[in-house]
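>>> Just a sequence and a predicted model for now, questions to come.
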Amino acid sequence: DLVKVIKLDPVLMAKVLKLINSTYFGMPREITSISRAVLLLGVNTIKNLALSTAVVSTVADEDDNPFDLHEVWEHALGVAVAAKLIAKRRGVKLKDLEEYFIAGLLHDIGQILLISYVPKVYAKVVKASDDDFTVLNDEERKVFGCDHAQLGALVAEKWKLTPNLIAAIRDHHEPENFVDHPHADFILTTAAANYF
């Protein structure tokens, strides 16, 4: 069933084949079969790849967008990988590691939406924050009535993501306030990954 779904999405199909044939996996010969690629990569890797593709497609790739969209994507992916590595280093169960990856990948989904839908206004907010040496979240709240973390949490709730993911997205900029929170582990891990 998974192979059938992948074959319906040419972009995802290309990404699956590109990933399995990357030097990271070091296959002795090129893999050209989606079935074989899915078998070798595993369901969790495919799920993360599909989610990553969905997040990237959210970012509007317009010529007049003042943000470096490649840099935004690199940051999201970097935080995802770092969150998973931190969790792994701390001895989190293998079956739970993927959720840390997703928390890192989606931690700034609210910012990605602002960059996509109001890029020029958001660029002014970022510039004001830089010029005045103020916290970006404070500037966002002045202009939009909420910050990117709150916006991201609203989206995560709408997408019916897990409470762990919603908490990580909403609270990763203020981890010190959530040490005793039921989802503190995800918040603190995402915050640390974001810092690095």
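Arrived safely, thanks for sending.

>>> C-alpha only now, for contacts and for neighbours.
Fine.

>>> Residue 49: how many residues sit nearby?
Neighbours of residue 49 under the rule other Cα atoms under 10 Å: 16.

>>> Now do it against residue 141, distance only.
Distance, residue 49 to residue 141, by Cα to Cα, to the nearest Å: 32 Å.

>>> With residue 111 instead?
Distance, residue 111 to residue 141, by Cα to Cα: 12 Å.

>>> just residue 127 next, same as before
14 Å.

>>> Looking at residue 111 and residue 141, which is more packed in?
residue 111 (22 against 14).

>>> which residues touch the residue nearest the centre of the chain?
Centroid-nearest residue in the chain, with Cα atoms, centre = their mean: residue 105, separated by 1.7 Å. Applying Cα atoms under 8 Å, 6 or more residues apart in numbering, we find residue 105 in contact with 52, 76, 77, 78, 79, 80.

>>> neighbours of residue 151, just the number please.
By other Cα under 10 Å, 21 other residues sit near residue 151.

>>> unless I'm mixing things up, it is touching residue 110, no?
Yes - in this structure, residue 151 is within contact of residue 110 by Cα atoms under 8 Å, at 5.0 Å.

>>> Which secondary structure element is home to the nearest residue to residue 134 once chain neighbours are set aside?
Excluding its sequence neighbours, the residue lying closest to residue 134 (Cα to Cα, 6 or more residues apart in numbering) is residue 128, at 7.9 Å. Take DSSP states H and E as the rule and residue 128 turns out to sit in helix 119-132.

>>> any idea which helix or strand comes after the helix or strand hosting residue 45?
Assigned by DSSP H and E, residue 45 belongs to helix 43-58. Counting by DSSP H and E, the next helix or strand C-terminal to helix 43-58 is helix 69-89.
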